[in-house]
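Enquirer: fold the stuff below for me.
(chains A and B)
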Number of protein chains: 2
Amino acid sequence: MRAVFKFDVLKQHSHSSARLGVVTTPHGTIETPAFMPVGTQATVKALSPEDLVDCGSQIILGNTYHLYLRPGHEIIKNLGGLHRFMNWDKPILTDSGGFQVFSLNRLAKVTEEGVKFKSHIDGSTHAFSPEHAIKVQQALGADIIMTFDEPMPYPAEKSAVKISLNLSTRWAKRCKAVHKGESQALFGIVQGGMFKDLRSQSAEQINEIDFPGYAIGGLSVGEDIEMMYEMAEYTAPLLPANKPRYLMGVGTPKDLLACSGMGIDMFDCVMPTRNARNGSLFTSQGKLNIKNNRYQTDGSPPDPACDCYTCQNYSRAYLRHLFIANEIFALRLNTLHNIAFYQNWMRKIRRAIQDDQPFDPNWINPSLEESSAS
Amino acid sequence: MRAVFKFDVLKQHSHSSARLGVVTTPHGTIETPAFMPVGTQATVKALSPEDLVDCGSQIILGNTYHLYLRPGHEIIKNLGGLHRFMNWDKPILTDSGGFQVFSLNRLAKVTEEGVKFKSHIDGSTHAFSPEHAIKVQQALGADIIMTFDEPMPYPAEKSAVKISLNLSTRWAKRCKAVHKGESQALFGIVQGGMFKDLRSQSAEQINEIDFPGYAIGGLSVGEDIEMMYEMAEYTAPLLPANKPRYLMGVGTPKDLLACSGMGIDMFDCVMPTRNARNGSLFTSQGKLNIKNNRYQTDGSPPDPACDCYTCQNYSRAYLRHLFIANEIFALRLNTLHNIAFYQNWMRKIRRAIQDDQPFDPNWINPSLEESSAS
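Expert: Below is the predicted model of the structure:
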């Protein structure tokens, strides 16, 4: 029988609220704090599953909204589920689709029942309810699935945020009510915008429903970085210490370090993959724009401190050439490096917790400090 | 000391003029008849060097014209040459740039000295002479390099073809005169358009200069397939039996089979890579357009008879999804399969020569018979 979901905290950092842990799922384990590359359309853009493993990824994220619209969750289910469809046999987390329904559909209509929206692909009309979001995620078959909630835009009136978080709580209960079986772990999501008392209220309500893991939603949506940190730091300890905490959509290497120190265990962000496709590489020496003329004759690897396939085999000059010449291989090499940089970064964080060493501010190169929330 | 260039014929097919051979170069050996994937801009589009080896490629082709313009041959030379630049340590053949100078520059001006042309990238003015084409190819450092010649458009007047082939012969002599050293093998090119007597005349002139290998140029340029076969079949035996014969820019699987039977040893063509990027897959059951609706729910591999990475791990439904969703990974998986199909095809041809079995017409699926020349 396949392993059911569990979370073990192996070590508490004495210098921060960080903890070293292991999430166990039917498709294997995840060392935490963990970074999850985003595989929106059943592929982490430009990488193969083998590439993802090579650069240290233990879990990836899939987007329910996109997969529901194309190719369709029933098609994926009939082909054996998302793991088999995309040839990835390690853990997968799917979001509920809520975030994309709202961010890709400005005219989405919310009722108590759920949301009506138009496809960003062909304009066709669709409806998502909490029950339907669970059904779609069950068809996809991820190891960790998320409750369907209403993300709030930023800035938002406190009264509107309060109404919304209560709706999200009722939806979370409906998700839990229709979710069956131990093969998928359903995580609840705390909302509450930038208001601490609403964060407390949401956390209390969501905790009471009782989930095997909890996410902090509604951050990194346009607020400044100090606000994001303040909210994450306030919210994390409101969640049970023996359950994994997932900060959705965050962030920069600096954000991952800072928020690990607040007791966050899981992260996802399009930043490394999207930056790579724009020619922007994360390195131990700072951000590197591979399009820059200065790299035209530069025979050194993108990051001399990096052990990834890209850095071991290719020069900045070659990567610049491929990028300028619009070559497809450029996107793979850049993405592979950026994901490797992120995964090496998480490894560094985990090692510091393991060794109970303080997180070293010198890890952060000034030019890497730009925030995903800014 | 590195191996110098040589060609050994291992076996003569008794059912055709085909022969089994081995080309030895400083970067390794090539079993012939061989297919060379095209790596125009220092990358075979969408594939890594490891992908190329995995699908059975023993040599690739680079385009001198493109690499001269971008990133520049001197830059590549200073970075250790094309092999090191692109992380490919097996044999490389570079063309002379002549074909692209003419096909990408309708206003290219030809004199006895050489050709003046404008860059297709930025419109800047450049000049190529036979001497310069050799110099650029020496900087790139391929194992096999080509003489600089003037390809003729099709159709062309016999008188114009005759003038042109004589110019190409004078240029071939100039190439040979400036080419030094055994680390690169310089191949001559036979021209002569669609006129047998001119093919004979060109072959005689080029043979007399004495090269370690010979190419047949100026075919697959718009003539019908019967004409291409007739010219290749007529020209091949005009070239020395103990030197490799390379038919430039050809072709379909059917073409490779037919022309191997005429005694051709080497081929290159963009067809498998370009088709892949358009969603067209070569399979043992015929051509497969992965965009087709019928594959939406098809869990079978692209080609059940294929042992490539793509066919072993992914379904038609997945490949269709990736392609429709404009995912980068689609291009890699499709290209990898098409190159594997071509390399398996060449293996089949070589095995038939080895076993002295006739080339089997049933190898050719009717829908694979479309010609590159049509």
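
Enquirer: what is the neighbour count of residue A:222?
Expert: 12 (other CB atoms under 10 Å in any protein chain shown). All C-beta atoms are positioned from the backbone trio N, CA, C, and that covers glycine.

Enquirer: hang on, it packs against residue A:156?
Expert: No. Residue A:222 is not in contact with residue A:156 according to CB atoms under 8 Å; the separation is 10.3 Å.

Enquirer: list the contacts of residue A:348.
Expert: Residues near residue A:348 by CB atoms under 8 Å, 6 or more residues apart in numbering or on different chains: residue A:363.

Enquirer: doesn't it lie inside a strand?
Expert: No. Secondary structure of residue A:348 (DSSP: H, G, I helix; E, B strand; the rest coil): helix, not part of a strand.

Enquirer: ok, it to residue A:266 distance?
Expert: As judged by CB to CB, to the nearest Å, residue A:348 and residue A:266 stand 17 Å apart.

Enquirer: name the SS class of residue A:343, please.
Expert: helix.

Enquirer: what score does the closest residue to it other than its chain neighbours have for pLDDT?
Expert: Nearest residue to residue A:343, sequence neighbours excluded (CB to CB, 6 or more residues apart in numbering or on different chains): residue A:56, at 3.3 Å. In this prediction, residue A:56 carries a pLDDT score of 97.

Enquirer: is it true that residue A:56 lies in a strand?
Expert: No. Residue A:56 is assigned coil when assessed by three-state DSSP, not a strand.

Enquirer: next one: phi and psi at it?
Expert: phi 90, psi 20 (degrees, to the nearest 10).

Enquirer: quick one, what contacts it?
Expert: With CB under 8 Å, 6+ apart, residue A:56 has these contacts: A:339, A:340, A:343, A:344, A:346, A:347.

Enquirer: what's around residue A:226, how many residues?
Expert: 10.

Enquirer: secondary structure element for it?
Expert: helix A:225-235 (DSSP states H and E).

Enquirer: ditto for residue A:162
Expert: helix A:158-178.

Enquirer: now do the helix or strand that that helix is followed by: everything it contacts.
Expert: Per DSSP H and E, helix A:158-178 leads on to strand A:185-190 as the next helix or strand towards the C-terminus. Contacting residues not belonging to strand A:185-190 are listed as A:5, A:25, A:96, A:134, A:143-147, A:149, A:168, A:172, A:175-176, A:179, A:199, A:202-203, A:206-207, A:209, A:211-217, A:235, A:238-239, A:244, A:246, A:248 [CB under 8 Å, 6+ apart].

Enquirer: so which of those sit within helices?
Expert: A:134, A:168, A:172, A:175, A:176, A:199, A:202, A:203, A:206, A:207, A:209, A:235 (DSSP state H).

Enquirer: which of those residues ranks first by neighbour count?
Expert: residue A:202 (31 neighbours).

Enquirer: helices and strands of chain A: which one bottoms out on pLDDT?
Expert: helix A:98-103 (a mean of 88; mean pLDDT, DSSP states H and E).

Enquirer: mark out where each domain of chain A begins and ends.
Expert: Chain A is divided into the following domains under automatic domain parsing: A:6-32+A:63-269, A:278-354.

Enquirer: quick one: end-to-end length of the shortest one, please.
Expert: With CA to CA, to the nearest Å as the measure, the first residue of domain A:278-354 is 35 Å from its last.

Enquirer: what's across from the most centrally placed residue in chain A in the sheet?
Expert: Centroid check for chain A by CA atoms, centre = their mean gives residue A:268 as the closest residue, at 1.7 Å. Assessed by DSSP bridges, residue A:268 has beta-bridge partners residue A:36.

Enquirer: quick check, it in contact with residue A:249.
Expert: Yes. With contact defined as CB under 8 Å, residue A:268 and residue A:249 form a contacting pair (6.6 Å).

Enquirer: that older thread, buried stuff in the least confident helix or strand of chain A?
Expert: A:98, A:99, A:100, A:101, A:102 (16 or more other CB atoms under 10 Å in any protein chain shown).

Enquirer: what about that helix, near chain B?
Expert: No. No part of helix A:98-103 sits close enough to chain B to count as contact by CB under 8 Å from any CB of the partner chain; the gap is at least 14.2 Å.

Enquirer: toward the C-terminus, what is the element adjacent to that helix?
Expert: strand A:109-110.

Enquirer: which strands or helices does that next one pack on?
Expert: Under the contact definition 3 or more CB pairs under 8 Å, 6 or more residues apart in numbering or on different chains; DSSP states H and E, strand A:109-110 sits against strand A:115-118.

Enquirer: please save the CA atoms from the strand it packs on in PDB.
Expert: The C-alpha coordinates for strand A:115-118 follow below in PDB (Å, rounded to 0.1, in the frame of the first residue of the first chain):
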ATOM      1  CA  VAL A 115     -17.500  31.500  -9.500                       C
ATOM      2  CA  LYS A 116     -18.600  31.900 -13.100                       C
ATOM      3  CA  PHE A 117     -15.800  32.900 -15.500                       C
ATOM      4  CA  LYS A 118     -14.700  33.000 -19.100                       C
END
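
Enquirer: quick one: strands adjacent to it?
Expert: Sheet partners by DSSP bridges: for strand A:115-118, these are strand A:109-110 (antiparallel), strand A:125-128 (antiparallel).

Enquirer: okay if I get the buried residues of helix A:98-103 as TSV plus distance to residue A:82?
Expert: Below are the buried residues of helix A:98-103 laid out as TSV (distance: CB to CB, whole Å):
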residue	distance to residue A:82
A:98	18
A:99	18
A:100	16
A:101	19
A:102	23
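
Enquirer: closest to chain B among those?
Expert: Chain B has its nearest neighbour among those in residue A:100, at 14.2 Å by CB to the nearest CB.

Enquirer: residue of the stretch 151-300 of chain A with the smallest distance to chain B?
Expert: residue A:299 (5.0 Å).

Enquirer: about what we covered before: hmm, who's touching the helix holding residue A:162?
Expert: Against helix A:158-178 from outside (CB under 8 Å, 6+ apart): A:96, A:110, A:112, A:114, A:129-131, A:133-135, A:147-150, A:152, A:156, A:186, A:188-189, A:191-193, A:195, A:198, A:201-202, A:205-206, A:209-211.

Enquirer: any buried residues in it, and which?
Expert: Applying 16+ other CB under 10 Å to helix A:158-178 flags A:161-162, A:164-165, A:167-169, A:171-176 as buried.

Enquirer: nearest to residue B:314, of these?
Expert: Nearest to residue B:314, judged by CB to CB, of the buried residues of helix A:158-178 is residue A:175 at 32.0 Å.

Enquirer: quick one: low-confidence parts of the stretch 51-200 of chain A?
Expert: For the stretch 51-200 of chain A, not a single residue meets the criterion pLDDT under 70.

Enquirer: switch the cut-off to 90
Expert: A:98-99, A:101-108, A:151-153, A:180-183 (pLDDT under 90).

Enquirer: so which bits of it are right by chain B?
Expert: Residues of the stretch 51-200 of chain A lying near chain B (CB under 8 Å from any CB): A:70, A:71, A:75, A:78, A:79, A:80, A:85, A:86, A:87.

Enquirer: inside helices: which ones of those?
Expert: A:75, A:78, A:85, A:86.

Enquirer: state the distance from residue A:260 to residue B:62.
Expert: 46 Å.

Enquirer: revised request: answer the last question for residue A:312.
Expert: 22 Å.

Enquirer: ok, residue A:156 next?
Expert: 56 Å.

Enquirer: compare those two (neighbour count), which wins?
Expert: Under the criterion of other CB under 10 Å, the comparison of residue A:156 against residue B:62 puts residue B:62 first, with 29 against 16.

Enquirer: for the more buried one, what are its contacts?
Expert: Residue B:62 neighbours (CB under 8 Å, 6+ apart): B:39, B:40, B:42, B:82, B:92, B:93, B:94, B:95, B:140, B:142.

Enquirer: doesn't residue A:151 make contact with residue A:193?
Expert: No. Residue A:193 lies out of contact with residue A:151 (CB under 8 Å); the separation is 9.7 Å.
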